[in-house]
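A.B. asks: A predicted structure for the sequence below; I have some questions about it.
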There are 2 protein chains.
Amino acid sequence: METTAEKIAQTAKDASFGLRTLSAELRNKALQKVAEKIRLNEAKIIEENKKDIAAAEASGMSAAMLDRLTLNSKRIEEMAKGVEEIAAFADPLGKVLERRSLANGIDLSRVSVPLGAIFFIYESRPNVTIDGAALCFKAGNAVILRGGKESVYSSFFLANIFSETLVEFGVSKNAVQYVNNPDRNLLGCLLKQSNYLDLVIPRGGEGLIRAVSEQSTIPVIKHFNGICHVYVDKSADLNNAAEILHNAKVQRPSVCNAAETVLFHKALPKESVELVLKPLKDAGVEFHYDKCGVEYLDLQISVCFVNDVQEACEHIEKHGSHHTEAIVAEDAEVLDFFANNVDSSSVMLNASTRFADGGQYGLGAEVGISTDKLHARGPMGVESLCSYKWILRGNGQVRK
Amino acid sequence: METTAEKIAQTAKDASFGLRTLSAELRNKALQKVAEKIRLNEAKIIEENKKDIAAAEASGMSAAMLDRLTLNSKRIEEMAKGVEEIAAFADPLGKVLERRSLANGIDLSRVSVPLGAIFFIYESRPNVTIDGAALCFKAGNAVILRGGKESVYSSFFLANIFSETLVEFGVSKNAVQYVNNPDRNLLGCLLKQSNYLDLVIPRGGEGLIRAVSEQSTIPVIKHFNGICHVYVDKSADLNNAAEILHNAKVQRPSVCNAAETVLFHKALPKESVELVLKPLKDAGVEFHYDKCGVEYLDLQISVCFVNDVQEACEHIEKHGSHHTEAIVAEDAEVLDFFANNVDSSSVMLNASTRFADGGQYGLGAEVGISTDKLHARGPMGVESLCSYKWILRGNGQVRK
């Protein structure tokens, strides 16, 4: 397994050399061709997907999981469109991030470059195969894909469409590799290939992400969970509070930027609190007054009361997950205090937590949301799949 | 040990909350006061340092190590000056890194914030105590300092000067903590406190850095070594080549940005190669024609020959350490090829590798040089001790 893992990682790294200098034009043309090939192969994709579905049904997979596994015409078209969108993004490479002339005449610049080779790990959602490959390739990186074993036929077939298309553009087929051996031992060995791999991105549930983080000697970008708070200050516009809280909890309860706790200022009258909670009640949300710090991902919410904005911030620090928090308040000082003291990747002042999303921020398709503080924090666009290097142009300068 | 480690880490994290909103003015005033206190305490610092020196001499420490351990008036003044320089830097916090209005009227900004709590590990150089504490504090971070055990009296005393000064400015004394228990078990336990600590910076030799990286569950910013190359193309100006190579190898052979290998284009006549190597020969540099990929940190250098710039890049990829590489060439295409294909943190076109330094790049005092590709790459200024957060200012927006 160690030899297999090393070979996969080493060939990915080797493939990344050729990508370093591939022009944006070629990268985008290749992506457009991938989209075309996905559409052309619709029937075959559905055929491979049926093999996965048959096996999953036989093993008694839940309806929700089966749904995520299933590919149909609509979803295949969405995949193709997604790749075209990524092709249309601005190029994240070769950007001059800073530049200056040094006193000795050297021209110093800091320029964005690809990271190198990325290991992308995800659950049994075959569309993530294409998404992950397209995002990594857009940023000039080689990628090793490893989806959940239930999606192996669909994902392997999709990854092959991608890599075969790249070959037509003179790119090594190893620029996109799919690990179709579900052995966890192989996964473990791959996570130790820090000599060749630059980054691991696990996308999925907390269990997967924790397991990957614990085993990996390669840097991992991740978020474990989203325990997002909405704090309703005594200065809040109550209609805003009701709308924002409803949106944050109910619009899509199963995602990481949904609210899991609402904090009320104790000075708010009982009727105000009831007014703010009414839309949740009407939507069938269950209230928990006795616990907090729970990620329900469901129509449930913790309700707590705090003395002031400072206590709200302390509560969030203690029970939150540094993902996204919102405040509803009209008092400018209170808003500032919250913005400055909450240590989360996104802070929403009079806006819903649901906005924490790469697309909403104008970053294009999202690699994920990071609750880490290094490299990338919050919604990650393709820029987060880049590094930079310093280039010094001189004419013979030496250091005195 | 686990309890002790957790307590140290937790109190550091707690102290970091207060630092988040400390104004730049106060931070800089506190740093100026630290400089003043260092000067005032010169006699006591030397007294503590003598205890370390006596123990080190008794244990038979080498003259070079003893020299690095020793503090005298001049070095103490340098420490104080160093802190004043850091106080004078531009504030790295609260910078608006990007900002835009979203279509829904939300004002989106990305703003630099402190990382939180940093664990700074170094060898027996007491001056690094002050340097590390000042850099971390400038960027609004709490820091845990752990120097080599041979410098425990000096470093502990210096760290106390720092933290006692902070207390005068209303900052928690735990914002700067020194681990004066040399137990490696405690170090190991501290490296597992990822719940509280945001970053580990090991500064020292490769052995220390590898040991820290292997044990840590907290992100580590590091470089292991510097195997820097100078490639002399057939289009090179030979005088430039001779001067740059001499500077890169001889000016300070013991540092990580010194050249360790020179690569010559095979088309260069023997006399040209001899001309370029002459200043090294005159400086007593020993040539190794039979090996490469070695970090000599001494007046020795590997000499290799390559067919062209492409082979030079391949050689560097295989034997280098992704730190800093230089090319001497007049051919613009060759220079571009080198700049685009060499995957090192700094690439020098007709300039010495010795320029790879935060001070030279205008970053102010240097935290270190990173050969990692995530977060910070190359010379790291105080910006590399910061993260960012996204702030969205709305007036009731919800996601449709």
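C.D. replies: Looks like it arrived, so ask away. What you see is a predicted model, and the numbers here were worked out from it, not measured in a lab. Residues are numbered from 1 along each chain as shown, chains lettered A, B, ... in the order given.
A.B. asks: what mean pLDDT does stretch A:69-83 get?
C.D. replies: The average pLDDT within stretch A:69-83 is 96.
A.B. asks: now do A:Phe264 against B:Lys149, distance only.
C.D. replies: According to C-beta to C-beta, to the nearest Å, A:Phe264 and B:Lys149 sit 52 Å apart. (Glycine included, C-beta is placed from N, CA and C.)
A.B. asks: these two: which is more packed in?
C.D. replies: Higher neighbour count among A:Phe264 and B:Lys149: A:Phe264, with 22 against 16, using other C-beta atoms under 10 Å in any protein chain shown.
A.B. asks: so that one sits against A:Val232, correct?
C.D. replies: Yes: because the distance of 5.1 Å satisfies C-beta atoms under 8 Å, A:Phe264 is recorded as touching A:Val232.
A.B. asks: give me the common contacts of the two.
C.D. replies: A:273, A:276 (C-beta atoms under 8 Å, 6 or more residues apart in numbering or on different chains).
A.B. asks: all helices of chain A, in order?
C.D. replies: Listed in chain order, the helices of chain A (DSSP state H) span A:2-19, A:24-40, A:42-58, A:63-69, A:73-88, A:127-138, A:152-168, A:184-190, A:206-215, A:238-250, A:270-282, A:309-319, A:332-341.
A.B. asks: which parts of the stretch 251-400 of chain A are strands?
C.D. replies: Taking DSSP state E, counting those that start in this stretch to define them, one finds strands in the stretch 251-400 of chain A at A:259-265, A:286-288, A:300-306, A:324-328, A:346-351, A:368-370, A:378-380, A:386-397.
A.B. asks: quick one: strands adjacent to the third one?
C.D. replies: Looking at strand A:300-306 with DSSP bridges, its partner strands are strand A:259-265 (parallel), strand A:286-288 (parallel).
A.B. asks: hey, what's the angle from the longest one to strand A:324-328? Just curious.
C.D. replies: Meaning strand A:259-265. Put simply, strand A:259-265 runs at 30 degrees to strand A:324-328, going by axes from the mean of the first three to the mean of the last three C-alpha atoms, to 10 degrees.
A.B. asks: C-alpha coordinates for strand A:259-265, PDB please?
C.D. replies: Provided in PDB are the C-alpha atoms of strand A:259-265 (Å, rounded to 0.1, in the frame of the first residue of the first chain):
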ATOM      1  CA  ALA A 259     -28.200  29.100  12.800                       C
ATOM      2  CA  GLU A 260     -28.100  26.700  15.700                       C
ATOM      3  CA  THR A 261     -28.500  29.100  18.600                       C
ATOM      4  CA  VAL A 262     -30.300  32.400  19.100                       C
ATOM      5  CA  LEU A 263     -29.100  34.700  21.900                       C
ATOM      6  CA  PHE A 264     -31.500  37.300  23.200                       C
ATOM      7  CA  HIS A 265     -30.600  40.400  25.300                       C
END
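A.B. asks: which bits of the stretch 51-200 of chain A sit near chain B?
C.D. replies: Selection of the stretch 51-200 of chain A residues close to chain B by C-beta under 8 Å from any C-beta of the partner chain yields A:100, A:102, A:106, A:108, A:113, A:115-116, A:198-199.
A.B. asks: for the stretch 201-350 of chain A, what lies in contact range of chain B?
C.D. replies: So the stretch 201-350 of chain A meets chain B at A:219, A:221, A:237, A:239-240, A:243-244, A:246-248, A:251, A:317, A:335, A:339-341, A:343-350 (C-beta under 8 Å from any C-beta).
A.B. asks: ok, of those, which come out buried?
C.D. replies: The neighbour-count test (16 or more other C-beta atoms under 10 Å in any protein chain shown) marks A:219, A:221, A:237, A:240, A:243-244, A:246-248, A:251, A:317, A:335, A:339-341, A:343-350 as buried among those.
A.B. asks: okay, now the unreliable bits of chain A?
C.D. replies: Residues of chain A meeting the criterion pLDDT under 70: none.
A.B. asks: now for the closest residue to A:Asn195 other than its chain neighbours: which residues touch it?
C.D. replies: Spatially, and ignoring its direct neighbours in sequence, A:Asn195 is nearest to A:Ala9 (7.6 Å; C-beta to C-beta, 6 or more residues apart in numbering or on different chains). Residues in contact with A:Ala9 (C-beta under 8 Å, 6+ apart) are A:117, A:119, A:144, A:190, A:193, A:195-197.
A.B. asks: check contacts around the residue nearest to A:Leu26 when sequence neighbours are not counted.
C.D. replies: Distances taken as C-beta to C-beta, 6+ apart place A:Phe169 nearest to A:Leu26, at 5.8 Å, with adjacent residues excluded. Residues near A:Phe169 by C-beta under 8 Å, 6+ apart: A:26, A:29-30, A:33.
A.B. asks: rerun that using 7 Å as the cut-off
C.D. replies: A:26, A:29-30 (C-beta atoms under 7 Å, 6 or more residues apart in numbering or on different chains).
A.B. asks: Provide a PyMOL selection command restricted to the buried entries of those.
C.D. replies: For anyone working in PyMOL, the buried entries among the contacts of A:Phe169, judged by 16+ other C-beta under 10 Å, can be selected with:
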select buried, chain A and resi 30
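A.B. asks: out of the contacts of A:Phe169, which is nearest to chain B?
C.D. replies: A:Leu26 (14.3 Å; C-beta to the nearest C-beta).
A.B. asks: and the closest one, how far is that from A:Leu191?
C.D. replies: 31 Å.
A.B. asks: check A:Arg393 too.
C.D. replies: Counting by C-beta to C-beta, the gap from A:Arg393 to A:Leu191 is 39 Å.
A.B. asks: more neighbours, those two?
C.D. replies: Set side by side, A:Arg393 and A:Leu191 show more neighbours around A:Leu191, with 24 against 18, by other C-beta under 10 Å.
A.B. asks: correct me, but the more buried one touches A:Ser213?
C.D. replies: No: counting by C-beta atoms under 7 Å, A:Leu191 does not reach A:Ser213; the two are 9.4 Å apart.
A.B. asks: about what we covered before: pick the most buried one from the helices of chain A.
C.D. replies: Most buried of the helices of chain A, by mean neighbour count (mean count of other C-beta atoms under 10 Å in any protein chain shown): helix A:127-138, with a mean of 26.
A.B. asks: contact partners of that one?
C.D. replies: Contact partners of helix A:127-138, identified using C-beta under 7 Å, 6+ apart, comprise A:27, A:31, A:34, A:38, A:75, A:79, A:82-83, A:86, A:89, A:118, A:120, A:122, A:143, A:145, A:147, A:155, A:158-159, A:162, A:175-176, A:203, A:365, A:367, A:382, A:385.
A.B. asks: how is chain A divided into domains?
C.D. replies: A:2-221+A:380-391, A:228-355 (automatic domain parsing).
A.B. asks: and these as CSV, adding distance to B:Lys138?
C.D. replies: Shown next, in CSV, are the domains of chain A (distance: least, C-beta to C-beta, whole Å):
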stretch, distance to B:Lys138
domain A:2-221+A:380-391, 20
domain A:228-355, 18
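A.B. asks: out of the ones you listed, which is closest to B:Ala139?
C.D. replies: Smallest distance to B:Ala139 across the domains of chain A (C-beta to C-beta): 14.4 Å, for domain A:228-355.
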